[in-house]
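Chemist: need the 3D shape of this:
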Amino acid sequence: MQPIHLQYLNALDVQALALTDDEVLAAVEQGLAAQGRRETVIEPRMHLVPNAGGNGHFNVLRGAFRAPINLAGVKVISDFVDNYKEGLPSEIGLLLLMDPRNGVPKAIIDGSHLTDMRTGAVTAIGAKHLARKGSRVLGHIGARGTAYWNVRLLDHLFHFDEIRVHSRRPESRDAFAERLSKDLGKPVVATSDWRSCVEGADIVVEASRLNEPAPMLKTQWIKPGAFVVPYGTMSAVELSLTDIMSKMVVDDWGQCKSGQFGSLRAHVEAGKLSEATLHAEMGEIVAGLKPGRERDDETILFWHRGLSLSDIALGHAMLEKAARLGIGQTLRYA
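Modeler: You can find the predicted model right below:
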């Protein structure tokens, strides 16, 4: 076998890349558009629950792009709710990228920061197409890594007048609001309860971390014309949430219609969200094949479970920038 080398970008390398907001959004939007044009292959995510004493599981995401990205990828990312007690992020993982023509490994990339960035980008791109252009108030539940990039990239696009955040632990939400206030250069308010965070907001993001499904977010708090993004692993919304929606959009119906976890799992099982009631996949909207928001009075829901294609598209952008800047390590495989 001829020598084979691959690129390795660890967490420090990914941070050193210092991807701009526009670079993150452009990479993920490119991937969504390719998905909409059916230039990709995606397999529904799988879960591994190790039952080894920890409170969590692993997610396994798989997908592939044809040219120009021309990469296949598998990401394994953990989701352990109690990791904060050990000073660890709840989501730790790796992305493996390979040549889709022959299987040769091309790169290994830290999956933690990548997951945070691509999740925030998908939320923000969803809002770009589905929220009212004049949205001024954001209500965000959750303070984990993806939450930071949700708020950061949403504010990059909407320049909010008011940002409210809430999470279960006071020390967590206060630190989250302080970090955001510093980085965004504007006040970010940590609320003491779900209602004061969500009620009347133009854009609502529910990224909570519950141990089991519980209807914490009440449908009556949702303002008509709002854009709502529930994506917690365990559902935090009422079954009635989908009843008030003018349109429902998902990232990939194949992985939303089945599986063990997900914010709208009960809605799928009850038939409230189905292939018949689904408006579109986000990629179809980004590619211009289906309309996004058409009127200010539409109340719209976007459920994204996390796309392997977003991981691969962003990983590809990271590799290109790392090559330009000379960041990362070359490992010998064979």
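
Chemist: which residue, other than its chain neighbours, is closest to M216?
Modeler: Spatial nearest neighbour of M216, excluding adjacent residues (CB to CB, 6 or more residues apart in numbering): A236 at 4.5 Å. Quick note: C-beta positions are derived from backbone N, CA and C, even for glycine.

Chemist: make that G103, sorry
Modeler: When the adjacent residues along the chain are set aside, G103 lies closest to A72, with 7.9 Å between them (CB to CB, 6+ apart).

Chemist: M245 too?
Modeler: L301 (4.6 Å).

Chemist: right, and that neighbour touches T242 too?
Modeler: Yes: L301 is within contact range of T242, at 6.7 Å (criterion: CB atoms under 8 Å).

Chemist: and stretch 87-96, how far from the chain's centre?
Modeler: The chain centre lies 14 Å from the centre of stretch 87-96; the measure is CA atoms, centre = their mean, to the nearest Å.

Chemist: okay, buried residues for it please.
Modeler: P89, S90, E91, I92, G93, L94, L95, L96 (16 or more other CB atoms under 10 Å).

Chemist: contacts for it next, please.
Modeler: Here stretch 87-96 makes contact (CB atoms under 8 Å, 6 or more residues apart in numbering) with 56, 58-59, 73-81, 83-84, 105, 107-112, 114-116, 144-146, 209, 311-312, 315.

Chemist: dihedrals phi and psi, the residue nearest to M216?
Modeler: Here is the backbone geometry of A236 (degrees, to the nearest 10): phi -120, psi 10.

Chemist: and for A64?
Modeler: phi -150, psi 150.

Chemist: beta partners for it?
Modeler: Beta bridges link A64 to V41, A72, judged by DSSP bridges.

Chemist: need the helices for the stretch 201-334 of the chain, in chain order.
Modeler: Assigned by DSSP state H, counting those that start in this stretch, the helices in the stretch 201-334 of the chain fall at 253-256, 265-269, 282-286, 308-325.

Chemist: wait, which of the ones you listed is closest to S167?
Modeler: Ranking these by proximity to S167 (CB to CB) places helix 265-269 first, at 21.8 Å.

Chemist: show me which positions of the closest one end up buried.
Modeler: R265, A266, H267, V268.

Chemist: for it, what is the distance to the chain centroid?
Modeler: With CA atoms, centre = their mean, you get 20 Å for helix 265-269.

Chemist: try stretch 309-316
Modeler: Per CA atoms, centre = their mean, the centroid offset for stretch 309-316 relative to its chain is 12 Å.

Chemist: check stretch 217-230 too.
Modeler: Between the centre of stretch 217-230 and the centre of its chain there are 19 Å (CA atoms, centre = their mean).

Chemist: equivalent analysis for stretch 39-47, please.
Modeler: 15 Å.

Chemist: where along the stretch 151-300 of the chain do the strands fall?
Modeler: Taking DSSP state E, counting those that start in this stretch as the test, the strands found in the stretch 151-300 of the chain are 162-166, 189-190, 203-206, 227-230, 247-250, 280-281, 300-303.

Chemist: can you put the ones you listed in TSV and add mean pLDDT?
Modeler: Formatted as TSV, those follow (pLDDT from 0 to 100):
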stretch	mean pLDDT
strand 162-166	98
strand 189-190	97
strand 203-206	97
strand 227-230	96
strand 247-250	97
strand 280-281	97
strand 300-303	97
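
Chemist: would CSV of those strands with mean neighbour count and distance to D174 be doable?
Modeler: Shown next, in CSV, are these (neighbours: other CB atoms under 10 Å; distance: least, CB to CB, whole Å):
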stretch, mean neighbour count, distance to D174
strand 162-166, 23, 9
strand 189-190, 18, 5
strand 203-206, 27, 19
strand 227-230, 26, 23
strand 247-250, 23, 33
strand 280-281, 22, 37
strand 300-303, 26, 28
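
Chemist: between those, which one is closest to R101.
Modeler: Smallest distance to R101 across the strands of the stretch 151-300 of the chain (CB to CB): 26.4 Å, for strand 280-281.

Chemist: about what we covered before: so which of the helices of the stretch 201-334 of the chain is the most packed in?
Modeler: Stretch with highest mean neighbour count among those: helix 282-286 (a mean of 25; mean count of other CB atoms under 10 Å).

Chemist: mean confidence for that one?
Modeler: Across helix 282-286, pLDDT averages out at 98.

Chemist: what comes into contact with that helix?
Modeler: The contact list for helix 282-286, computed with CB under 8 Å, 6+ apart, reads 29, 32-37, 122, 125-126, 129-130, 249-252, 290-292, 302, 304.

Chemist: check what pLDDT the closest residue to A147 other than its chain neighbours gets.
Modeler: Setting aside the residues directly before and after it, A147 is nearest to A207 in space (CB to CB, 6+ apart), at 5.2 Å. As predicted, A207 sits at a pLDDT of 92.
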